[in-house]
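Chemist: Would you be able to build a 3D model of this:
(4 chains)
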2 protein chains.
Amino acid sequence: MAKKTSPFTRVTLQDVARASGFSTSSVSIVLNEAPLSRYVAVDTKNHIRKTAQEMGYHPDAFARSLRRRRSDTIGVLVFDISDPFCISLLRGIEHALYQTAYLPIIIDADNRRDQFERYLEMLIERRVEGLVVVANWLFADIDPLSKIANNIIPTVVVGRDLTQNLIQSVVVDNEQGGFLAMQHLHALGHRRIAVLRGPEEMNDSMRRWLGIQRFASEVGLHLEPRLTSQLLSAMDPESSFDGGLNLTKGFIETRLKFSAILAFDDFTALGAMRALWKSGRRVPEDCSVIGFDDIPLASVTTPGITTIRQPMMDMGKLATKLVLEALASPKVGSTITDLLHTMPPELVQRDSTRKILAKTGRGITQ
Amino acid sequence: MAKKTSPFTRVTLQDVARASGFSTSSVSIVLNEAPLSRYVAVDTKNHIRKTAQEMGYHPDAFARSLRRRRSDTIGVLVFDISDPFCISLLRGIEHALYQTAYLPIIIDADNRRDQFERYLEMLIERRVEGLVVVANWLFADIDPLSKIANNIIPTVVVGRDLTQNLIQSVVVDNEQGGFLAMQHLHALGHRRIAVLRGPEEMNDSMRRWLGIQRFASEVGLHLEPRLTSQLLSAMDPESSFDGGLNLTKGFIETRLKFSAILAFDDFTALGAMRALWKSGRRVPEDCSVIGFDDIPLASVTTPGITTIRQPMMDMGKLATKLVLEALASPKVGSTITDLLHTMPPELVQRDSTRKILAKTGRGITQ
DNA sequence: TTGTATGCGTTATCAC
DNA sequence: GTGATAACGCATACAA
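Modeler: Numbers count the residues shown, from 1 in each chain, chains lettered A, B, ... in the order given. This is a model prediction of the structure:
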């Protein structure tokens, strides 16, 4: 019964013009409420609007963008959307965009480099006016980004420091985060603290470790090397669960005493908690665990995970704001300074950490 | 130093033509590897490709789509991307699309109805050729979808049964899922089982409950009404954590015995576990808990959550396949039968359920 | 083998 | 107040 089903066999401006008995220009002017529509007779306007409505007219975004020379679109390229970390970021981006005329186009690279490049290209061809890249996890070498995107499209990376590639970056203050985590455990009386560091290749990892060391040296705390392990580099965020699990098992096997574990991120913390549980230890009674990120699930596990929160919403918002600003003021040779934007982390206390019971930081051993 | 920064001030086919000394058509033919390019001299081809490369030519998707009358795009409208349930679905969709010429455009309605409608319109204007709607959570009334999308664009909904609106739907067999969950608990020896039902408005909720009842009556198991509660309808998935928490608290306050809880979904299960923990009960030693969905975090909590898995990847793939099929064979009056596509759920055993210790299904009370 | 001309659906500039 | 008409960048039928 219905006609052709193709999305393209559809009513155009011309059709509306013919049907309404006016010219395409008049129809266009009216439907867009262009300045000139002020001079169009009210009856005409109503008539045109009505026929357009009745015919189910939808402007063709392609034709429009081609003509207007703008897409009203911001590309959001996510490296791995399965990382819970991303979601709040996305929400922040969306919120920042909601009030504007721009629409986000979200693309997930599915943790694959080739996809990432392909989609990046695709976004450029779609003439996105700005680009927010959510680069949560590893991808060491982002040539495509620095080569293609920058100097063509205002681009901001969030979740990773790419200022070396001269790309504006929004990141949490990782060093401060490490510092806070350590400070929290220390304040609870913990002295024998095991540390699960992030993979070597990650910049985040190093900076958090610096913060940890800084606090330790400030209070004269000894960090036992045998209770400090480093996650292997891996290709996806969830693998740090296994990492946390296995490395914690290793800690336990040393039979060294420790009363707390400082984990690289929340997944690592989850892995650590699993390992402790398997060995018959309870969290937080026998061992405290602190994570990093504050991914959504950190609040719904039992016990809830104490963690260092990255203000992901705000990071997403800021990144978007920066893109919008660049769009508004197309100054060309933007200063290379103030390329890095750092946001403060925040301690979120839940139930996975608690005051140590015994006196001098005595912890568990087996 | 750089020229203008607008994404639109960029090298066009004409530019390449001029620079290479050939006509736009030759350049177009060569760059698209059109059939006619067979007859183009190799030297010409190389020359054109080289100059295009050097000039950093990227075809304009708008102009191209306008001309070709197709967008090569599938719209993916997600009602609430913060629901972990969505992510695997998205991955399934992406995978099904990867081998094709279509690109997914993901849009998140942020759990808001107005956004949903706005974005739906936007996708239509962008001339998406097909539409996959990820309708995980409540939104009772999807007029916009049934009115606009269907009969214009091949549309498939996944995660919710909208066949009443004559929209193809892909859902898990909820009744079978409820049945399996009950069967599992029963097989472990549980007889006093508390049930946390989903919100009344959700179709899923009712069907799972039917499955639960079916199993119960098959084995002659009594379901104590005071140990059966229903989540309030709510606007987002994570609220079921609080629901599970509070309703379980209620169960405990009845002082009735129960040895297991069957939760509506994994978040509800998480809430139940928290409530049990707060009252000093351990999972699974004192009470077993089974969830539904198998969201990613179900495997990383401690204990891991036994749950009924929805094959989300496959559901996403199937939904996409259906859209692609509709696209390939534009038969108009598709049969109203076979609108509903049901996928089998699967029991995933982890550590939150275990064999009951005491003899006759004796459970805990306090 | 390569070039010319036309139109996709819009918007914007001008003329009536 | 309204209507012709020319682009936007590309792909293609047709001419050379």
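
Chemist: Report how many residues lie close to residue A:22.
Modeler: By the measure other C-beta atoms under 10 Å in any protein chain shown, the count of residues near residue A:22 is 18. For the C-beta atoms, the positions are set from N, CA and C on the backbone; glycine is no exception.

Chemist: Likewise for residue A:42?
Modeler: Neighbour count for residue A:42, taken as other C-beta under 10 Å: 7.

Chemist: Next, the contact list for it, please.
Modeler: Listed by C-beta atoms under 8 Å, 6 or more residues apart in numbering or on different chains, residue A:42 has no contact partners.

Chemist: And the pLDDT for it?
Modeler: For residue A:42, the pLDDT comes out at 92.

Chemist: For it, grab phi and psi.
Modeler: With angles defined as degrees, to the nearest 10, residue A:42 sits at phi -60, psi -40.

Chemist: what separates it from chain B, distance-wise?
Modeler: Separation of residue A:42 from chain B (C-beta to the nearest C-beta, to the nearest Å): 26 Å.

Chemist: Residue A:260 and DNA strand C: what is the separation?
Modeler: Separation of residue A:260 from DNA strand C (C-beta to the nearest atom of the strand, to the nearest Å): 61 Å.

Chemist: in the stretch 201-350 of chain A, which spans are strands?
Modeler: A:228-230, A:260-263, A:288-293, A:306-309, A:340-343, A:346-348 (DSSP state E, counting those that start in this stretch).

Chemist: Of the ones you listed, which is nearest DNA strand D?
Modeler: DNA strand D lies closest, by C-beta to the nearest atom of the strand, to one member of the strands of the stretch 201-350 of chain A: strand A:340-343, at 33.3 Å.

Chemist: would you turn the strands of the stretch 201-350 of chain A into a markdown table with distance to residue A:71, mean pLDDT and mean neighbour count?
Modeler: Compiled in a markdown table, the strands of the stretch 201-350 of chain A are given as follows (distance: least, C-beta to C-beta, whole Å; pLDDT from 0 to 100; neighbours: other C-beta atoms under 10 Å in any protein chain shown):
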| stretch | distance to residue A:71 | mean pLDDT | mean neighbour count |
| --- | --- | --- | --- |
| strand A:228-230 | 44 | 96 | 17 |
| strand A:260-263 | 42 | 98 | 30 |
| strand A:288-293 | 33 | 98 | 29 |
| strand A:306-309 | 35 | 98 | 26 |
| strand A:340-343 | 26 | 96 | 16 |
| strand A:346-348 | 37 | 98 | 16 |
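
Chemist: Could you dump those strands into JSON lines and include distance to DNA strand D?
Modeler: Listed next are the strands of the stretch 201-350 of chain A as JSON lines, based on distance: least, C-beta to the nearest atom of the strand, whole Å:
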{"stretch": "strand A:228-230", "distance to DNA strand D": "48"}
{"stretch": "strand A:260-263", "distance to DNA strand D": "50"}
{"stretch": "strand A:288-293", "distance to DNA strand D": "42"}
{"stretch": "strand A:306-309", "distance to DNA strand D": "45"}
{"stretch": "strand A:340-343", "distance to DNA strand D": "33"}
{"stretch": "strand A:346-348", "distance to DNA strand D": "47"}
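
Chemist: Output these in TSV, with distance to residue A:76 appended to each entry.
Modeler: Conversion of these to TSV gives the following (distance: least, C-beta to C-beta, whole Å):
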stretch	distance to residue A:76
strand A:228-230	32
strand A:260-263	29
strand A:288-293	20
strand A:306-309	22
strand A:340-343	17
strand A:346-348	25
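
Chemist: out of these, nearest to residue A:162?
Modeler: Comparison of those against residue A:162 by C-beta to C-beta identifies strand A:340-343 as nearest, at 9.3 Å.

Chemist: What strands line up against that closest one, and which way round?
Modeler: If you go by DSSP bridges, strand A:340-343 pairs up with strand A:168-172 (parallel).
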